[in-house]
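>>> I'd like to go over a predicted model; first the sequence, then the structure.
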Amino acid sequence: MTGGLRIPDAAAGARVLAFGDYRPARIVTNDELAETVDTNDEWIRSRVGIAERRIAGDDEGIVELGAHAGGKALAGSGLAPSDIDLVILATCSAESPMPGYAPQVAHRLGIDAPGAFDINAACAGFCYALATASAAVRAGSARNVLVVGSEKMSQWLDWTDRSTCIIFADGAGAAVVAASDSPGIGPVVWGSAGDKYDKIIIPTRHSFIQQEGQAVFRWATTAIAPVAVEACERAGIRPEDLAAIVPHQANLRIIEAIARKMKAKDAVVADDIVQSGNTSGASIPLALSRMIERGDVPSGAPALLVGFGAGLSYAAQVIQIP
Ligand code: UT7
């Protein structure tokens, strides 16, 4: 045989058709946590920015959370389940390492036999999954992709450890990615710092989330803004032209520091952490979905997404708001 193999025609670009979100019904306030651990509402609000968070019930796992958010995104996209060729689910709070959750979420949504796999890039997971979905659509490997970030962090928390149990929470967010004539998902800037692998860690299967809060805080407030600015440059967007900045909802002080350093004075900055806590790989689509629903951000305008966390891993891209 001479010459290369046949490959599909490439699409000019990919874009997000719709977002969806799901927050479990149970609200846990800071005062409620203060009944069981030595903390208080004032400390949590001033140091982390959280007023309350959502915690999933025993009957809600990563599949249920993800299917709720994915179903909402699918409905918003106007596509049928049969239009989806690939489902990618980002999570770092798996109840068990196999099977993956993406095939089960697809099955719940009536998506028949799609490609389906999970990825784990912790709190950056959604941005990694979105970049992978965009690449798959542009390469012709899938017509449309359902991307889900679904986390049940509560099952990996030591509820007597005040340094972590007040931070992390449960929820899911999703997006439907389709081909488009003009690109609506910009190039991803992604990277990692594996030398810092132990800064956020679940060391064994019988242990809980541990983090060196101050070390991660320093890293997030120094290393991440340049990544976000580079994502803007690669997409041909000036930070000051952004309509929204949607960082991973780790800590309101980190979010505000990233936004300040980006000098995007007119952008709406996501602050969903106040109501939803830190939902790791779900936090970015949860936040943006709500901003869109509230009418906080205009359709078609550029938004910067940036995820960062355990790994340490990070990723950022600019997208057009659906
Ligand atoms: O999503 C993945 C990425 N993760 C992150 O980005 C996390 C980054 N780090 C952070 O967000 C912050 O470091 C934390 C929120 C984790 C902690 O805030 P901090 O301002 O760095 O507090 P700290 O750990 O320096 O602790 C300050 C004090 C300590 O007391 P002393 O030693 O000064 O007497 C802690 O024992 O606050 C104490 N403390 C608390 N007090 C009341 C720690 N946790 C609590 C608490 N309530 N829940």
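That came in fine, so what should we check first? Residues are numbered from 1 along each chain as shown.

>>> alpha carbons only for contacts and neighbour counts from here, please
Noted.

>>> Now do the SS call for whatever residue of the stretch 1-150 of the chain ends up closest to the ligand.
At 3.6 Å from the ligand, residue 39 is the closest residue in the stretch 1-150 of the chain, using C-alpha to the nearest ligand atom. Following DSSP: H, G, I helix; E, B strand; the rest coil, residue 39 is assigned to coil.

>>> Can you tell me the closest non-neighbouring residue to it?
Spatially, and ignoring its direct neighbours in sequence, residue 39 is nearest to residue 162 (6.8 Å; C-alpha to C-alpha, 6 or more residues apart in numbering).

>>> pretty sure the one you found is touching residue 36, no?
No - here residue 162 does not reach residue 36: they are 9.3 Å apart, not a contact under C-alpha atoms under 8 Å.

>>> which of these two has more neighbours?
residue 162 (16 against 12; other C-alpha atoms under 10 Å).

>>> For the ligand, tell me whether the host helix or strand of residue 146 is touching it.
In the assignment (DSSP states H and E), residue 146 maps to strand 144-152. No - figure legend: strand 144-152 not in contact with the ligand (C-alpha under 6 Å from any ligand atom); closest approach 11.9 Å.

>>> returning to what we had before: what's the residue nearest to residue 39 in contact with, if anything?
For residue 162, the contact set (C-alpha atoms under 8 Å, 6 or more residues apart in numbering) comprises 37, 38, 39.

>>> Need the residues you listed in a markdown table (columns: neighbour count and pLDDT).
Converted to a markdown table, the contacts of residue 162 look like this (neighbours: other C-alpha atoms under 10 Å; pLDDT from 0 to 100):
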| residue | neighbour count | pLDDT |
| --- | --- | --- |
| 37 | 15 | 98 |
| 38 | 11 | 98 |
| 39 | 16 | 98 |
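
>>> continuing past the longest helix along the chain, what's the next helix or strand?
Longest helix in the chain by number of residues, with DSSP state H as the criterion: helix 213-235. The element immediately downstream of helix 213-235 (helix or strand, assigned by DSSP H and E) is strand 244-247.

>>> next SSE after that following strand?
Following strand 244-247 in sequence, per DSSP H and E, is helix 252-262.

>>> and that following helix with helix 213-235, angle?
Per axes from the mean of the first three to the mean of the last three C-alpha atoms, to 10 degrees, the angle that helix 252-262 makes with helix 213-235 is 40 degrees.

>>> and the following helix or strand past helix 252-262, what's its mean pLDDT?
Under the assignment DSSP H and E, the closest C-terminal helix or strand after helix 252-262 is strand 268-269. Per-residue pLDDT over strand 268-269 has a mean of 98.

>>> thought residue 228 was touching residue 314?
No - applying C-alpha under 8 Å as the test, residue 228 and residue 314 come out as separate, 9.9 Å apart.

>>> Residue 316 - that's part of a strand, no?
Yes - assessed by three-state DSSP, residue 316 belongs to a strand.

>>> Could you check how far it is from residue 186?
Between residue 316 and residue 186 the computed distance is 9 Å (C-alpha to C-alpha, to the nearest Å).

>>> overlap in contacts of the two?
Residues within reach of residue 316 and of residue 186 at once, by C-alpha under 8 Å, 6+ apart, are residue 231.

>>> who has more neighbours, those two?
For the pair residue 316 and residue 186, the greater number of neighbours falls to residue 316 (32 against 25), based on other C-alpha under 10 Å.

>>> Could I get the contacting residues of that one?
Applying C-alpha under 8 Å, 6+ apart to residue 316 gives the contacts 127, 188, 189, 190, 227, 228, 231, 304, 305, 306, 307.

>>> What about the residues you listed, which are in helices?
Per DSSP H, the contacts of residue 316 map to helices at 127, 227, 228, 231.

>>> Which one of the residues you listed is nearest to the ligand?
Distance to the ligand across these (C-alpha to the nearest ligand atom) is lowest for residue 127, with 13.9 Å.

>>> okay, now the residue found closest to the closest one once you drop the neighbours it is linked to in the chain: neighbour count?
The shortest distance from residue 127 to any non-neighbouring residue, by C-alpha to C-alpha, 6+ apart, is to residue 315 (5.8 Å). If you count neighbours by other C-alpha under 10 Å, residue 315 ends up with 27.

>>> May I have the beta-bridge partners of residue 315?
Listed beta-bridge partners, residue 315: residue 190, residue 307 (assigned using DSSP bridges).

>>> ok, it touching residue 130?
No - Residue 315 lies out of contact with residue 130 (C-alpha under 8 Å); the separation is 10.0 Å.
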